[in-house]
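**Student:** just to be clear, the model below is a prediction. Sequence and coordinates:
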Amino acid sequence: MPKMKSKSAAKKRFDLTGTGKLKRKHAYKRHILTKKSTKRKRNLTYSAIVDKADAKNVKEMLA
């Protein structure tokens with residue numbers, strides 16, 4: 001039986017931390033930025049951790 005392939009889209013979007021958590025980027029920072037406040041745009045810059053409810057599915061995509 002062949003090896004399972006990981007999802008290419010997930011490989012590009014998620015990173016594993018040293019403790020096994022999943023890092024992700026924030027959405028809503030691509031376009032229409034003029035109406036968003038500077039504070040809001042700045043806070044979207046930093047990475048976030050994938051929620052526990054979604055982590056299992058994301059890990060399966062990366063496996």
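**Tutor:** Sure thing, it's come through.
**Student:** quick one: the strands in the chain?
**Tutor:** For the chain, the strands defined by DSSP state E occupy 15-16, 22-24, 48-49.
**Student:** what mean pLDDT does the first one get?
**Tutor:** If I follow you right, that is strand 15-16. What strand 15-16 shows for mean pLDDT is 96.
**Student:** just list what that strand packs against, helices and strands only.
**Tutor:** Judged by 3 or more Cβ pairs under 8 Å, 6 or more residues apart in numbering; DSSP states H and E, strand 15-16 is in contact with strand 22-24. Backbone N, C-alpha and C define where each C-beta goes, glycine included.
**Student:** pairing partners for the strand it packs on, with directions?
**Tutor:** strand 15-16 (antiparallel), strand 48-49 (antiparallel) (DSSP bridges).
**Student:** tell me which of the ones you listed sits nearest to residue 28.
**Tutor:** Taking Cβ to Cβ, strand 48-49 is the member of the strands paired with strand 22-24 nearest to residue 28, at 12.2 Å.
**Student:** pLDDT score assigned to the spatially most central residue of the chain?
**Tutor:** Taking Cα atoms, centre = their mean, the centroid of the chain lies closest to residue 24, which sits 2.3 Å from it. Per-residue pLDDT puts residue 24 at 98.
**Student:** ok, now residue 37?
**Tutor:** At residue 37, pLDDT is 98.
**Student:** the one 5 residues further on now?
**Tutor:** Reading off the confidence values, residue 42 has pLDDT 98.
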